[in-house]
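1. Generate a structure from the sequence data that follows.
(2 chains)
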Protein chains: 2
Amino acid sequence: MSDFNFKIEKKIPGKLGRAGIIHTSHGDIETPAFVTVGTKATVKALTPEMVNSLGAQVVLSNTYHLYLQPGDELVKKAGGLHKFMNWSGPMMTDSGGFQVFSLGAAFGEGGVSKFTKEGTQKIEDEEKIAKLAKIDEDGVTFKSCIDGSEHRFTPERSMQIQHNLGADIIFAFDECTSPMADYDYQKQAMERTHRWAKRSLDEHKKLLQNNAQFPRNLVSGKDEPRGLASWSPALFGITQGGRHKDLREESARVIGALDFDGFGIGGSFNKEDMGTAVGWVSAILPEDKPRHLLGIGEPTDIIEGIKNGADTFDCVTPTRMARNGTLMVKDGRLNIFNAQYREDFSPIEDGCGCYTCQNYTKAYLAHLFRAKEMLAGTLASIHNLYFLINFTKKIRQDILDGKEF
Amino acid sequence: MSDFNFKIEKKIPGKLGRAGIIHTSHGDIETPAFVTVGTKATVKALTPEMVNSLGAQVVLSNTYHLYLQPGDELVKKAGGLHKFMNWSGPMMTDSGGFQVFSLGAAFGEGGVSKFTKEGTQKIEDEEKIAKLAKIDEDGVTFKSCIDGSEHRFTPERSMQIQHNLGADIIFAFDECTSPMADYDYQKQAMERTHRWAKRSLDEHKKLLQNNAQFPRNLVSGKDEPRGLASWSPALFGITQGGRHKDLREESARVIGALDFDGFGIGGSFNKEDMGTAVGWVSAILPEDKPRHLLGIGEPTDIIEGIKNGADTFDCVTPTRMARNGTLMVKDGRLNIFNAQYREDFSPIEDGCGCYTCQNYTKAYLAHLFRAKEMLAGTLASIHNLYFLINFTKKIRQDILDGKEF
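-> This next block holds a predicted model:
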């Protein structure tokens, strides 16, 4: 039914990692690949042509944000995400789970806790609790980060919304727990995620069967139905389990046995745990289906992820850092606001092939950032995305070339 | 010495207007032309490639802003404005006069007044006066809009700064009075502007003679001297005189008799006065030199300006409006925040050839503006600039085609 498939080209000898090709209705993704994030149906500060020309193969948008604004029904009327945002390559949408929980709170049997950058914090204040997300067996009730209005996601709603958005790869609705949550809560949340995975899969199959064709293309005025023949999304199931080996393996067994097209590996990791945990999961998941490591984008983490069997990665870090003036270079990072760059007439990194490094100096970028010019974020985002995408492409080439890892 | 020249191709029968070509060291400007403003060495929200592809021929940067940040000496070290900002076409810089006065105050014999959007306001508060610009016969002392530090511009300094910036067309230092100033003050300011024009011209000639070659190109590492042979800016004198016919004509006679390469027509105008005042001036200025109407950019004003002899126009309005969600269309303007556009899947204007209208709907723009996404300003700026540049190009074609005005 779907023309989605995954082909392994070459494996890393003695490791779980591999190079492959994910085929979607909107083109191929050569893996390992870094997936560019376009949260609200736009890669921040860039046109789709820029995104394409810096080497990006695939864009991931966020279900939570697009559901709230402009609304998934509107995106459907527009002809789907690709047409709405003018991106013709492969697209992913996440399940909305991460945002519901990270912008809200995990409110289950394990207690009430709010997720912050610093980790999970127990919430005592009744008033604060009332503002946050509430989980029950059926789904999650949460308040909009835009206007505080109350909304509800269930596995079925997430599938319906993602079908309206129309990406090529969509994700099952999961509960994304904090790495700080205790073992008992992780286990309960994981088991609920497994039940939600089955409900996501059932709803997805139902939607595929009943898939109402996309309405008339209102942009071109032409009748361009997007039915099952031309578009049917692939559904990835998400494995959870925190940092616990037994839970991670159980989740990989349960989710891996379901009829998903691929898999997401969810949850936050500590740097030292990440590769190991991905390895536990990849060893159990079916080898012939692609694995997406959710929310990971540090170069060192990408290497660890690839060695341990992850095929694709997404992260807002490179573009968020870029807009703050932090630029990725081989030796790490540089802060363009440092005084030394004001009169530095060399590119961000010598030898970098990105548009920014080919045409502009650090001195110019330092000026744009100080002057708060919009072009600053654009040029810096181009550099950081190019850096990370090509960093990942280089590893892919190394795998194909049979280099040692 | 300079390879700057202006050729008239065709005149509007019975009127002062004409179509022509301004030749500069960085290429030709087919006139009448709208000049895109790139205040701080960047056209806000756009890459130079976007600016070029929407049809812009020439970019005007601001001497006042670039002097304060990043500094004209730094731009000189970078190899000049073109190289610094990656724009290879013709460039202009203004004299800094307008910003000094509009961001400061006219502080002359006519009294102390602050310029605001609403017009000139008399200032009584001693403390406020201390913060503003002070004019004397030699020049203007003013405080930085960035950090309040004190600076001084004279006609000589303005020339030195503009030579450091390295545009193709630069402007004499003038006093830009408010249209609200009384006749006596307008006359005094105009006469001072005439004395400053001669001093600007003298300093410009001295700089051309002694022109230290631009230093080694630090970007490419190559030795690329930009001496008199390859680059020598054209200097435009600025006529003033407010709304008074006798002053406007006297200014045109005095400035027009000086050895400038072209002319700026300065000062704010009321809509109804503008065409008439430009006509007074154009009738006297040498016919064989180009005339730039400073700070004018409304479509109706451009038509009036062209009929009355102006060749080029610059204005921040189209890009500033764009960033606020106001889009230019044949019938006037539309505000993309209006509720009706949320589900409008048609382009900003049917038949518009701009990148934005070719690829995006009003619904998508409405979403981007509501989501405060940077791409909103980019797409809207592309449309408004394309609109105004092509509006002006159409008039040029009408002149060449011998159409009636």
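
2. Can you classify the residue in the stretch 51-200 of chain A that chain B sits nearest to as helix, strand or coil?
-> Going by C-beta to the nearest C-beta, chain B is nearest to A:P70 of the stretch 51-200 of chain A, at 4.1 Å. Just so you know, the C-beta spots here come from the backbone N, C-alpha and C atoms, and that holds for glycine as well. Classification of A:P70 using DSSP: H, G, I helix; E, B strand; the rest coil returns coil.

3. Also A:V43?
-> A:V43 - assigned by three-state DSSP - is coil.

4. returning to that earlier point: burial check on the residue of the stretch 51-200 of chain A closest to chain B, number of neighbours?
-> 24 (other C-beta atoms under 10 Å in any protein chain shown).

5. Kindly report the residues of chain A close to chain B.
-> Applying C-beta under 8 Å from any C-beta of the partner chain, we find that chain A lies next to chain B at A:40-42, A:44-47, A:65, A:69-70, A:74, A:77-79, A:84-86, A:218-219, A:342-343, A:345-346, A:359-361, A:363-364, A:366-368, A:370-371, A:373-375, A:377-378.

6. partner residues bridging the most centrally placed residue in chain A?
-> Centroid-nearest residue in chain A, with C-alpha atoms, centre = their mean: A:D314, separated by 4.2 Å. Per DSSP bridges, the residues bridged to A:D314 are A:V35.

7. name the element the closest residue to A:H65 other than its chain neighbours belongs to?
-> Nearest non-adjacent residue to A:H65, counting by C-beta to C-beta, 6 or more residues apart in numbering or on different chains: A:K40, 5.0 Å away. Using DSSP states H and E, A:K40 falls within no helix or strand.

8. dump the residue contacts of A:K40.
-> Neighbouring residues of A:K40 by C-beta atoms under 8 Å, 6 or more residues apart in numbering or on different chains: A:61-62, A:65-66, A:69, B:367-368, B:371, B:373.

9. Next step: those restricted to helices.
-> Among the contacts of A:K40, the members falling in helices (DSSP state H) are A:65-66, B:367-368.

10. which of these has the most neighbours?
-> Top of these by neighbour count (other C-beta under 10 Å): B:H367, with 28 neighbours.

11. A:L285 reaches A:S251, doesn't it?
-> No. Taking contacts as C-beta atoms under 8 Å, A:L285 lies outside contact range of A:S251: 9.8 Å.

12. And these two? Which one has more around it.
-> The neighbour comparison of A:L285 against A:S251 (other C-beta under 10 Å) goes to A:S251, with 33 against 24.

13. list the buried ones in whichever strand or helix holds the more buried one?
-> Element membership for A:S251, per DSSP H and E: helix A:245-256. Residues of helix A:245-256 classed as buried under the neighbour-count rule (16 or more other C-beta atoms under 10 Å in any protein chain shown) are A:247-252, A:254-256.

14. What is the nearest of these to B:K7?
-> Closest approach between the buried residues of helix A:245-256 and B:K7, by C-beta to C-beta: A:I255, at 73.4 Å.
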